[in-house]
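J.: here's a sequence, model it:
(one chain, ligands or ions: 2)
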Amino acid sequence: MRVEGVRGMRDILPEETLLWQNLEAEIRTAFSLYGYGEIRVPLVERVELFSRGVGEETEVVDKQMYVFPDRKGLQLALRPEATASVVRAYVEHGLYARGDLAKLYYLGPMFRYEKPQLGRQRQFHQYGVEAIGSLDPALDAEVMDLAWHLMERLLVREPSSEVRDPELRDEPTANGPRSTDHGLLLRVNSIGCRDDRPAYREALRGYFAAHEEELCPECRRRLATNPLRILDCKEERCRTLSRGAPRSVDHLCPSCRQHFADVQANLQALGLAHELDPTLVRGLDYYTRTVFELCSRDLGAQDALLGGGRYDGLVELLGGPPTPAVGFAGGMERLVIVVSAHHGATEASEPALDLYLVPIGDEARREGAKLMAALRRSGISADTDYMGRSVRKAMTVAGRSARYAAILGQNELARGEIKLKDLASGEEKGIGLAELVTSPHSFVR
Ligand SMILES: [Zn+2]
Ligand SMILES: [Zn+2]
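T.: Ligands and ions are numbered 1, 2, ... in the order given. Here you go, the predicted model:
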């Protein structure tokens, strides 16, 4: 009986995981450069973490969350995002008691019951950072600079390579915006604090109520419950209407207005080109003040590479002391698509193995097994044929999977030698088996 995988839950095979690993390594490096440490939170949480933290009225919680009872009837959810979990962990472990900014990052799978399409799966993967414990507008700008730097690393140079092509690299200039040649666009907005929300909500309600017939049925419902959510409706008619809607930046209290002005001044100082997008609100209820998205012009303006913002009320909402925070998250699947488009198929061109052993005869196979065991312990990757292939066919496999072929026949064995063939140049030479074992790196480079 063949059991199929679940719709929207995709297998990622070794040809593709190589790129994933490279991207993940770059992400970890970038996050570390900005002082973040990794946190690993569970995939499963109590359902109320998300209904309270992310918001009952959000599409994510209302329509897309995987909810199930465990065997004792406790209602659980597969995490649809990680910020609520990170904040729960922050509160649960009393990290606020350290009196310092907590800089945490994560990488991992998330789950949302959506219609699967290119770059959108039901099990999808996110990377993100959370900086918890400061309201400093310079921190908002630093988080956006990290997002920008990360995309520069991934899109401007080869993810797996340490070598930078000076032609492709643009130095940050001391004054004025950095070049946006690689098509990055930072969109920012401020949606104010909780105290600003009621007046803004009423302004939106007044505006959309006057156009009620033009709204989609879902947004007509949102009009009563949470008119802010109309601004991130994906229906074209709602989007059109949203463009003329009252702007959150016109409904900020003096301290939020000052905060946003300072954020923008800091972005300016860092040379990050940004534009104000008054309809940007993000789809989750916990956001306050700064919200942002980093987009690639190549993807079209609607498609953000990553997005984030402040969530100054979430720690308190989840039982901790009042604690401001800011972060972002991005999707791995989208990144894989964008990076593959930028770099073409160059990722797969490097052979996976250092050496492929081609033994001839049973004794050579046994000696070869010992040789490979020794080489692997010296950090040289090695493999051989287990499919009973002929020497000629084994050489073909070597040619597409390794940098060197090592041929071990009866004659070589009798002399205590092995024939090493550089598969790129075709150059062959006999070397002593003992020599290869004691100093393998002088032969396999
Ligand atoms: Zn405010
Ligand atoms: Zn709508």
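
J.: tell me how far Arg389 lies from Val358.
T.: 9 Å (CB to CB, to the nearest Å). (C-beta placed from N, C-alpha, C; glycine too.)

J.: in terms of neighbours, single out the busier of these two.
T.: Val358 (24 against 14; other CB atoms under 10 Å).

J.: doesn't the more buried one fall inside a strand?
T.: Yes: membership of Val358 in a strand is supported by DSSP: H, G, I helix; E, B strand; the rest coil.

J.: who's it bridged to?
T.: Ile407 (DSSP bridges).

J.: give me the number of residues near the residue lying closest to Ala325 once chain neighbours are set aside?
T.: Spatially, and ignoring its direct neighbours in sequence, Ala325 is nearest to Ile132 (4.1 Å; CB to CB, 6 or more residues apart in numbering). Residues lying near Ile132 (other CB under 10 Å) number 25.

J.: identify the bridge partners of Ile132.
T.: Applying DSSP bridges, one finds that Ile132 bridges with Ala102, Ala325.

J.: that one contacts Ala102, doesn't it?
T.: Yes: counting by CB atoms under 8 Å, Ala102 is a contact partner of Ile132 at 4.5 Å.

J.: and for those two, which residues touch both?
T.: Counting by CB atoms under 8 Å, 6 or more residues apart in numbering, the common neighbours of Ile132 and Ala102 are 90, 95-96.

J.: give me every residue that touches the residue at minimal distance from the centre of the chain.
T.: Of all residues in the chain, the one closest to the mean position by CA atoms, centre = their mean is Tyr127, 3.5 Å from it. The neighbourhood of Tyr127, defined by CB under 8 Å, 6+ apart, consists of 24, 27, 105-107, 329-330, 332.

J.: and what of His149?
T.: Neighbouring residues of His149 by CB under 8 Å, 6+ apart: 30, 33-34.

J.: go again with 6 Å.
T.: Shown in contact with His149 (CB atoms under 6 Å, 6 or more residues apart in numbering): Ala30.

J.: ok, back up a step: most neighbours of all the shared contacts of Ile132 and Ala102, which one?
T.: Tyr90 (23 neighbours).

J.: what sits up against stretch 386-406?
T.: With contact meaning CB under 6 Å, 6+ apart, stretch 386-406 is reached by 351-358, 385, 418, 420-421, 423, 444.

J.: identify the farthest-apart pair in these.
T.: In the contacts of stretch 386-406, two members sit farther apart than any others by CB to CB. They are Ala352 and Ile418, at 21.1 Å.

J.: who has more neighbours, these two?
T.: Ile418 (26 against 14).

J.: am I right that that one is in a strand?
T.: Yes: counting by three-state DSSP, Ile418 is part of a strand.

J.: beta partners of it?
T.: With DSSP bridges as the rule, Ile418 is bridged to Ile431.

J.: touching, it and Asn411? I think so.
T.: No: between Ile418 and Asn411 there is no contact under CB atoms under 6 Å: 10.9 Å.

J.: stretch 309-326: which residues count as buried?
T.: Neighbour counts over stretch 309-326 (16 or more other CB atoms under 10 Å) mark 309-315, 317-318, 320, 323-326 as buried.

J.: now do the strands in the stretch 151-300 of the chain.
T.: For the stretch 151-300 of the chain, the strands defined by DSSP state E, counting those that start in this stretch cover 184-190, 274-276, 288-296.

J.: in CSV: these, plus distance to ligand 1, mean pLDDT and mean neighbour count.
T.: Putting the strands of the stretch 151-300 of the chain into CSV (distance: least, CB to the ion, whole Å; pLDDT from 0 to 100; neighbours: other CB atoms under 10 Å) gives the following:
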stretch, distance to ligand 1, mean pLDDT, mean neighbour count
strand 184-190, 9, 94, 22
strand 274-276, 17, 94, 14
strand 288-296, 7, 94, 24
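
J.: for the ones you listed, which one sits closest to Leu43?
T.: Leu43 sits nearest to strand 288-296 of all the strands of the stretch 151-300 of the chain, at 25.7 Å, using CB to CB.

J.: the closest one: what's the following helix or strand?
T.: If you walk from strand 288-296 toward the C-terminus, the next helix or strand you reach (DSSP states H and E) is strand 304-310.

J.: which strands and helices sit next to that next one?
T.: Strand 304-310 is packed against strand 288-296, strand 325-331, with contacts defined by 3 or more CB pairs under 6 Å, 6 or more residues apart in numbering; DSSP states H and E.

J.: having no further points to raise, I will conclude here.
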